[in-house]
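Visitor: the following comprises the amino acid sequence and a computationally predicted model.
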Amino acid sequence: YENWMISECVNAFFTYDLLARNQRLKRPLYPMLAIDAATKKKNPYAVQKREGELRVLSCDMAFVERKGNDNSIFSCLRLLPESKSYEIENGKKEVRSGYRKQIAYMESVQGGDTMRQAIRIKQLFYDLECDYIVLDTRNAGIAIYDMCAKVMYDPDRGVEYPAWICMNNETIAARIKSPGAEACLFAIDASQRINSDIANATRNSFMDGMVDLLVSHNTALEELLPRISEYQNSIDLDTQFFFEQPYLETQAFINETIELMYEKLPQTGIIKLSEVSGNNKDRYTSVSYGIYFATCLEQDLLSESDAYEACVFIN
């Protein structure tokens, strides 16, 4: 990828330099390998959560299984609270500055079987120890929600997953009632205005240096992956791809995102992003949904109220 000449549209909303200078993350998250899940092992690649950390699984769904078409993208964001200390007359004052958003894992699958995709969402959610899930519930996305709102059985792993319920939209939450369902699903029913807010929140987070992307694939091959014995000793291409995938997906995200064109609609000032013909923006959509949700959570994080609860928000 580093041999490609990176170019940007004149009216690009994101620049290559903006994204590349945020490529500082060296430690991805990994879900369970199929062989480990089959033998009921704990995830050998689990990363312990830091104090106050939240993890978000952000999903952009596709439902047509056709080569070259849209993919379903699952992104895991680590949200790490940060604060800054300032000297004042009586000592130091600590001021919260928001969440550092680390895009620690990304996976793409071709669209198709909604049940298979819903099960994969559940697998990733628990493998990566997530706290929230962000899901686009427009169109066929509501079918994924309906499955996730019920207790689901995973025949591949032989486990049962609990039901989830929507936390920010009463109409969606009322569709299916499952006793004991976890209120952890944030539904996005994107309008032009919400899409504009998502785009601005995403770019602002990058400009503020509060997003960490994984380092380049070449850097991973030269410096990081050789330290993983399973990668070094494996002759299985699937296993090698498993470890390289987060870095490859990050590069694909950058390539997609810098090619997005924007226009500012007159009167309303709404930002509208569109992809060049033949390109996709699935990875951008998945990551931007997660960043947008994180900025909503930041409103609670930055609140001075002691009666803090991480509950939402907006429809």
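Guide: Great, that's in hand.
Visitor: contacts for the longest helix belonging to the chain?
Guide: When every helix of the chain is counted residue by residue (DSSP state H), the longest turns out to be helix 237-258. Residues from elsewhere that reach helix 237-258 (CB atoms under 8 Å, 6 or more residues apart in numbering): 1, 6, 8, 12, 14-16, 19-20, 23, 28-30, 33, 103-108, 213-217, 220-221, 225, 228, 230-231, 234, 275, 279-284, 287. From N, CA and C alone the C-beta is placed, and that goes for glycine too.
Visitor: burial measure for E160, as a count.
Guide: When neighbours are defined as other CB atoms under 10 Å, E160 has 10 of them.
Visitor: correction: the previous question concerned I188.
Guide: 23.
Visitor: and it, bridged to which residues?
Guide: Beta bridges link I188 to D136 when assigned by DSSP bridges.
Visitor: OK, contacts around it?
Guide: Counted by CB under 8 Å, 6+ apart, I188 has contacts V134, L135, D136, T137, R138, I194, Y289, Y292.
Visitor: the helices in the stretch 1-150 of the chain, which residues?
Guide: Here the stretch 1-150 of the chain has its helices, by DSSP state H, counting those that start in this stretch, at 16-20, 34-38, 114-127, 141-148.
Visitor: what packs against the last one?
Guide: Translated: helix 141-148. helix 114-127, strand 132-136, strand 182-188 (3 or more CB pairs under 8 Å, 6 or more residues apart in numbering; DSSP states H and E).
Visitor: dump the ones you listed into JSON lines; add mean pLDDT and distance to V56 as well.
Guide: Output for the helices and strands packed on helix 141-148, formatted as JSON lines (pLDDT from 0 to 100; distance: least, CB to CB, whole Å):
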{"stretch": "helix 114-127", "mean pLDDT": "95", "distance to V56": "10"}
{"stretch": "strand 132-136", "mean pLDDT": "96", "distance to V56": "5"}
{"stretch": "strand 182-188", "mean pLDDT": "96", "distance to V56": "8"}
